[in-house]
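Student: after the sequence you'll find the predicted model.
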Amino acid sequence: MHKLKFLIQNIQSALFIENFAFRNKLGIASEINKCVSDLFDGDPTMLDVPPEAPPEIPRILLKDSIPNYSLNFSPIRLDFFYNEPQKPEKTLDTLKDDYLRYLFNIAALVKDGYRLSITRVAIILKALSDVEKSSNLLIHENFLGKKPFFKDSYSLEIHALEKTTMNGYDINRWFRIKTVRGKPTEEDNSLLVEIDVNTLPEKPRDFSLEEIKHFFNKSIDLIKTNFPNCFGIPL
């Protein structure tokens, strides 16, 4: 297999909540920022949307000044991001401790400060690697049995869904492998791997803080296990 080194492009964690009323957006933004030691030092955005607007639309957007870290807060979910889209430089091991500490502080505020049920949780991780030749050719040679039909593809993707259990609750685990071009005219010299681990929407529950911590720690362990199983190298 081509020489690969996966670096983290994006981490997104979602905490799904019961319908939340935003009565003091500035105060809420301040409380969130306080619980993450003033991580979000960029200008906050408060969206003034009508009450009948879809609940998926965020009401508060927070970010750091770089920005690498950001948070979207809607009436039914919080999404916490780490993002380095251009040319990622960090490994999962160098990121995960800080990322999880911030995430767990946010979850504790939601559970203990706002007394909200967290009914579903998810994490999506995207890792990018340069390839020596063509990412399309890499996928063709290593995952498609060298069938000539796929050899000259402009773009290739493989999606695999695993349904399993973790700590007694059911999860979905999506594993996606994609070719990447910086622009349509550029060579396909990057490979993107996306792993999505989530609890089932049809089986909501009230996750405790300890269960939330367990889910995200075990999900990262699962993600790290997937890479040597699939590519023969660690993440």
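Tutor: Sure, I can see it.

Student: all helices for the protein, in order.
Tutor: Per DSSP state H, the chain carries helices over the ranges 25-35, 92-108, 135-143, 209-231.

Student: doesn't V49 make contact with R59?
Tutor: Yes. Counting by C-beta atoms under 8 Å, R59 does reach V49; the two are 6.6 Å apart. In this view, the C-beta of every residue, glycine as well, is placed from N, C-alpha and C.

Student: so which of those two has more stuff around it?
Tutor: Each of R59 and V49 has its neighbours counted (other C-beta atoms under 10 Å); R59 has more, 21 against 14.

Student: quick one: the closest residue to P204 other than its chain neighbours and R77, what's the gap?
Tutor: Leaving aside its sequence neighbours, P204 sits nearest to T119 (C-beta to C-beta, 6 or more residues apart in numbering; 3.9 Å). T119 sits 10 Å away from R77, going by C-beta to C-beta, to the nearest Å.

Student: overlap of the contact sets of those two?
Tutor: 16-17 (C-beta atoms under 8 Å, 6 or more residues apart in numbering).

Student: unless I'm mixing things up, F104 is touching F215, no?
Tutor: No. Counting by C-beta under 8 Å, F104 does not reach F215; the two are 10.9 Å apart.

Student: so how far is D48 from the residue lying farthest from the centre of the chain?
Tutor: Distance from the C-alpha centroid of the chain peaks at P148, with 34.2 Å (C-alpha atoms, centre = their mean). Look at P148 and D48: by C-beta to C-beta, they are 57 Å apart.

Student: low-confidence stretches in this structure?
Tutor: Residue ranges of the chain with pLDDT under 70: 1-2, 146, 184-185.

Student: quick one: the strands in it?
Tutor: 7-17, 45-46, 60-63, 69-74, 77-83, 118-130, 157-166, 169-180, 190-199 (DSSP state E).

Student: need these in TSV with mean neighbour count, can you?
Tutor: Output for those, formatted as TSV (neighbours: other C-beta atoms under 10 Å):
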stretch	mean neighbour count
strand 7-17	21
strand 45-46	14
strand 60-63	20
strand 69-74	22
strand 77-83	20
strand 118-130	21
strand 157-166	11
strand 169-180	18
strand 190-199	21
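
Student: for those strands, give me a markdown table that also has distance to K90.
Tutor: Formatted as a markdown table, those follow (distance: least, C-beta to C-beta, whole Å):
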| stretch | distance to K90 |
| --- | --- |
| strand 7-17 | 5 |
| strand 45-46 | 26 |
| strand 60-63 | 18 |
| strand 69-74 | 12 |
| strand 77-83 | 9 |
| strand 118-130 | 10 |
| strand 157-166 | 25 |
| strand 169-180 | 18 |
| strand 190-199 | 15 |
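
Student: I am finished for the moment; much appreciated.
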